[in-house]
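Q: Next one to model:
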Amino acid sequence: MKQLGEIRVADYMTENVISVDDSAKLTSAIRRMDDQGLQVLPVLDEQGNVTGMLSTADLIQITHEIQSDLSALSHVNETTKQFLIQMLVDAGDTTYVRDVMTSPVETIRPHDNLIVAAQKLNRRKYRHLPVVDDQGKPVGILSTSDFVRVVAELGGLIAG
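A: Purely as a prediction, here's the structure:
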């Protein structure tokens with residue numbers, strides 16, 4: 001059995017990452033997240049490098065901003081209000097992922113030590129960390145739930 005210091009990111013990362021291009025429309029990315037049951041999507045530039053992350057936290061922030069805009073509509077009549085709401089919906093279909101993603105994003109390599117990954121997640125308060133190859137292309141993703149698996153599998157080793 002490997003010692004904790006010998007465990008690499010590749011040992012616990014999720015491969016076959018579903019991602020989204022930074023030029024994709026936000027509505028398309030939201031549908032992808034919903035269809036796949038994902039909380040986060042790595043965002044890729046034209047060269048396929050990870051440049052950001054789109055998460056449910058980003059979407060919640062957008063929702064709060066829209067709710068704030070809608071509350072300002074309390075003084076208009078219902079017809080105007082419905083018109084303005086439809087404009088907001090239509091505007092959502094012209095918003096691009098790059099406009100709302102979290103960037104820059106910290107990444108990690110598959111051969112890096114799992115403890116280093118844990119420190120990055122903890123320091124930045126991230127829940128997901130994209131795993132990239134030496135060219136910056138995504139090869140996996142590491143999440144806090146992967147660390148639960150580590151503890152479950154290595155509990156006896158950690159407990160001593």
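Q: so who does the residue nearest the centre of the chain touch?
A: Closest to where the C-alpha atoms of the chain average out (CA atoms, centre = their mean) is Val40, at 2.9 Å. Contact analysis of Val40 by CB atoms under 8 Å, 6 or more residues apart in numbering lists 33, 53-56, 127-128, 141, 143. Where C-beta positions appear, they are placed from N, C-alpha and C, glycine not excepted.
Q: Pipe those into JSON lines and attach neighbour count, distance to Lys25 and secondary structure per row.
A: Shown next, in JSON lines, are the contacts of Val40 (neighbours: other CB atoms under 10 Å; distance: CB to CB, whole Å; DSSP: H, G, I helix; E, B strand; the rest coil):
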{"residue": "Met33", "neighbour count": "19", "distance to Lys25": "13", "secondary structure": "helix"}
{"residue": "Met53", "neighbour count": "26", "distance to Lys25": "17", "secondary structure": "strand"}
{"residue": "Leu54", "neighbour count": "28", "distance to Lys25": "12", "secondary structure": "strand"}
{"residue": "Ser55", "neighbour count": "19", "distance to Lys25": "17", "secondary structure": "strand"}
{"residue": "Thr56", "neighbour count": "14", "distance to Lys25": "18", "secondary structure": "helix"}
{"residue": "Arg127", "neighbour count": "15", "distance to Lys25": "25", "secondary structure": "coil"}
{"residue": "His128", "neighbour count": "22", "distance to Lys25": "22", "secondary structure": "strand"}
{"residue": "Ile141", "neighbour count": "26", "distance to Lys25": "22", "secondary structure": "strand"}
{"residue": "Ser143", "neighbour count": "18", "distance to Lys25": "26", "secondary structure": "strand"}
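Q: Show me the strands in this structure, by range?
A: Listed in chain order, the strands of the chain (DSSP state E) span 20-21, 40-44, 50-55, 128-132, 138-143.
Q: Of the ones you listed, which is nearest Phe83?
A: strand 50-55 (29.0 Å; CB to CB).
Q: sorry, back to before: of the contacts of Val40, just say which sits nearest to Tyr96.
A: Leu54 (10.6 Å).
Q: these two touch, right, the closest one and Val20?
A: Yes: checked against CB atoms under 8 Å, the pair Leu54 and Val20 is within contact range at 6.4 Å.
Q: any residues in contact with both of these two?
A: Joint contacts of Leu54 and Val20 (CB under 8 Å, 6+ apart) are 29, 41, 43, 97.
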